[in-house]
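J.: Could you look at this predicted model? Sequence included:
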Amino acid sequence: MTETALPASRFAWLTPAFVIALVSLLFALGLAWNMYERQRELEMQLARRIGDFDTASREARSAAKAANTALNDLQNRLTTLEARAQETQSQQLALNSMYQELARSNDERVIADIEQTLLLAQQQVQLAGNLKAALIGLEAAQSRLRQLDKPQFAGLAKSLTQDIERLKLSPAADIEALNARLETLMQGVDALKPESESEPPVKPAPITQSGPVDTLERLAREAWEEFRSLVRIRRLDHPELPLLTPQETHFLSENLRLRLLSARVAAMQRDEAAFRADIQAAREWSLRYFNRKDPGTRLFADSLAELAQASVALRDAPLTASLKAVRVLRKER
């Protein structure tokens with residue numbers, strides 16, 4: 001009985017409370033160890049994360065530094081580009097100004113050239129009566145305006161067209177034919193016979209000697225024949241006309257030729273009044289101072305009468321519309 005009771009007293013301390021307390025302690029210790037391990041693991045993870053964060057922070061700082069460097073570089077480039085853009089804009093403005101100036105200068109040069117062409121064409125019409133040359137000049141100016149095709153030249157082009165059509169419809173005298181006829185008449189002046197030479201001189205009849213003639217009688221007859229050759233009495237159709245010496249006849253022919261030359265100049269200048277006056281004066285001289293009965297004189301006077309009826313003036317030919325349009329355009333420019 002005693003031996004069996006001894007072991008029971010030995011394990012008497014293993015009470016349920018003690019066991020629970022022990023289990024609780026072990027559980028607490030296990031829980032604490034577990035928490036320690038977890039805390040340690042968390043600390044290690046935190047340390048790793050802190051290390052990773054430091055690495056990432058260093059990389060971020062490096063990246064930020066590189067980004068700042070790149071940003072500064074970009075800012076410098078942007079500043080340079082802005083400066084270049086401003087310079088390019090200034091150059092573009094300067095180029096636009098130069099282009100506008102060149103365009104204005106080109107337009108002014110075109111207007112000046114066309115005005116000079118119109119003035120030359122007007123001189124050809126008024127001074128020489130050369131409608132063909134004037135039309136060539138006007139058509140060249142019209143072609144140039146068509147090539148430019150600018151709206152500011154539309155009014156000038158219209159005026160040019162009107163003047164071209166008017167010139168094409170203008171009646172023009174054949175100045176070349178008139179000059180040729182006047183040249184022929186000038187060459188025929190020397191063939192005209194003055195009124196003082198309308199009758200051929202009387203040639204002395206040859207003396208026929210049938211026998212011996214007294215010397216005194218022969219001398220008297222020769223003197224009489226010589227006197228007859230020097231003095232002639234005849235009828236004149238113009239009793240008021242003085243007799244002309246050979247020298248005066250020469251000057252008369254030269255003055256008549258000058259009258260015809262003046263008529264040629266008046267014809268080329270389209271001065272119809274001067275042309276008719278010179279032709280009429282030449283015709284009056286030919287009928288007054290030269291033999292009317294001579295066929296050459298009659299033909300000469302008839303030719304002058306025909307020329308006096310010719311019209312050498314140009315009507316409605318001045319280039320007023322085109323010249324007015326180009327001068328208004330130049331004033332506007």
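T.: Yes, it's here.

J.: how far away is the nearest residue to residue 289 once chain neighbours are set aside from residue 192?
T.: Excluding the flanking residues, the one nearest residue 289 by C-beta to C-beta, 6 or more residues apart in numbering is residue 252, at 5.7 Å. Where C-beta positions appear, they are placed from N, C-alpha and C, glycine not excepted. Note on residue 252: its distance to residue 192, by C-beta to C-beta, to the nearest Å, is 9 Å.

J.: cool, residue 139 as well?
T.: 47 Å.

J.: just residue 144 next, same as before
T.: 54 Å.

J.: again, but for residue 179
T.: 20 Å.

J.: Would you mind naming the helix or strand containing residue 312?
T.: Using DSSP states H and E, residue 312 maps to neither a helix nor a strand.

J.: from what I can see it touches residue 272, true?
T.: Yes. Residue 312 lies in contact with residue 272 (C-beta atoms under 8 Å); the separation is 5.1 Å.

J.: Quick check: neighbours shared by these two?
T.: residue 266 (C-beta atoms under 8 Å, 6 or more residues apart in numbering).

J.: what about these two, which has more around it?
T.: residue 312 (23 against 17; other C-beta atoms under 10 Å).

J.: could you list every residue that touches the more buried one?
T.: 129, 173, 175, 178, 266-267, 270-272, 275.

J.: Is there a neighbour count for residue 265? I'd like the number.
T.: 13.

J.: Please identify the helix or strand for it.
T.: Judged by DSSP H and E, residue 265 forms part of helix 246-268.

J.: what residue ranges in the stretch 1-150 of the chain score low on pLDDT?
T.: Scanning the stretch 1-150 of the chain for pLDDT under 70 picks out 1-14, 99-105, 126-130.

J.: what do you get if the cut-off is 80, keeping everything else the same?
T.: For the stretch 1-150 of the chain, the stretches with pLDDT under 80 are 1-19, 22-23, 53, 56, 60, 94-107, 123-133.

J.: Quick one, grab the pLDDT at residue 322.
T.: pLDDT for residue 322: 83.

J.: helix or strand for it, which one?
T.: Here residue 322 is assigned to helix 320-332, by DSSP H and E.

J.: List the buried residues for that helix?
T.: 321-323, 325-326, 329 (16 or more other C-beta atoms under 10 Å).

J.: ok so, going back, more neighbours: residue 144 and residue 192, which one.
T.: The residue with more neighbours, out of residue 144 and residue 192, is residue 192; 20 against 15, by other C-beta under 10 Å.

J.: these two touch, right, that one and residue 300?
T.: Yes. Counting by C-beta under 8 Å, residue 192 does reach residue 300; the two are 6.3 Å apart.
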